[in-house]
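>>> pasting the sequence and the predicted coordinates here, then a few questions.
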Amino acid sequence: MNRRTTPVNRRIALTAALALTAGLALTACGGGTTGNTAPQLKVSDPYMPQPVTQSMAGAYFVIKNSGGTADKLTSVTSDLSKDITIHKTVGNKMEQVDSLPVPANGELTLGPGGNHLMFMGLSKKPAEGQTVTIELHFATAAPITVQVPVKATSYTPKH
């Protein structure tokens, strides 16, 4: 059988090559389930122990990221205070940081003795049973507004 390159054979070969190239391009662009999705953030278990004084308060919660891309908590705003800082605890020392990582398919936990928020110079002293509104800001994801219940000073979460 004589296999000469004819215009029909060239068109068939070109069509096959284009189909293969398109399939590879779609896979590379995330057409598959490779986990390269944007951060998907959700806040759970927020609380603020009732402040002892009007000078400072702390807040705790968990940020869960079900997305395939990491993000960072970069700042927090609230009408409770104009001076809200992010802290991590290393050993027995508390350090102010510019951000905290929220890992891909993971979580960032803020709790007593670890990562937490500090509210300085409170505009009012919230009481147990009240709710404080805060807005969390991230490097990538849209801000999240969180209603934080004020708990007793001695409150310990059940997790």
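Structure's in. What do you need? Numbering: from 1, shown residues only.

>>> which pLDDT value belongs to the nearest residue to Ser99 once chain neighbours are set aside?
Excluding its sequence neighbours, the residue lying closest to Ser99 (CB to CB, 6 or more residues apart in numbering) is Lys72, at 4.1 Å. (Each C-beta comes from the backbone N, C-alpha and C, glycine too.) Looking at Lys72, its pLDDT stands at 98.

>>> so which strand or helix has Lys72?
Element membership for Lys72, per DSSP states H and E: strand 71-78.

>>> outside of the following helix or strand past that strand, which residues touch it?
Next in sequence after strand 71-78, counting helices and strands by DSSP H and E, comes strand 83-90. Around strand 83-90, the neighbours that count as contacts under CB atoms under 8 Å, 6 or more residues apart in numbering are 73, 75-78, 94-100, 113-121, 134.

>>> return the members of those classed as buried.
The neighbour count (16 or more other CB atoms under 10 Å) marks 73, 76, 78, 100, 115-119, 134 as buried among the contacts of strand 83-90.

>>> let me know the closest of these to Lys64.
Of all the buried ones among the contacts of strand 83-90, Leu73 has the smallest distance to Lys64: 12.4 Å, by CB to CB.

>>> from what I see, that closest one and Leu108 are in contact.
Yes: under the criterion of CB atoms under 8 Å, Leu73 makes contact with Leu108 at 6.5 Å.

>>> what residues do those two have in common as contacts?
With CB under 8 Å, 6+ apart, Leu73 and Leu108 have common neighbours 63, 100, 102.

>>> need the contact list for the first one.
Meaning Ile63. By CB under 8 Å, 6+ apart, the neighbours of Ile63 are 41-43, 73, 102, 107-108, 110, 136.

>>> so, low pLDDT: which residues of this structure?
1-36, 159 (pLDDT under 70).

>>> which ones among the shared contacts of Leu73 and Leu108 map onto strands?
Using DSSP state E, the members of the shared contacts of Leu73 and Leu108 that fall in strands are 63, 100, 102.

>>> related to what we said a few turns ago, need the shared contacts of Leu73 and Leu108 in CSV (columns: distance to Ile86).
As requested, those are exported to CSV (distance: CB to CB, whole Å):
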residue, distance to Ile86
Ile63, 12
Leu100, 6
Val102, 12
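
>>> helices along this protein, start to end?
Per DSSP state H, the chain carries helices over the ranges 7-26.
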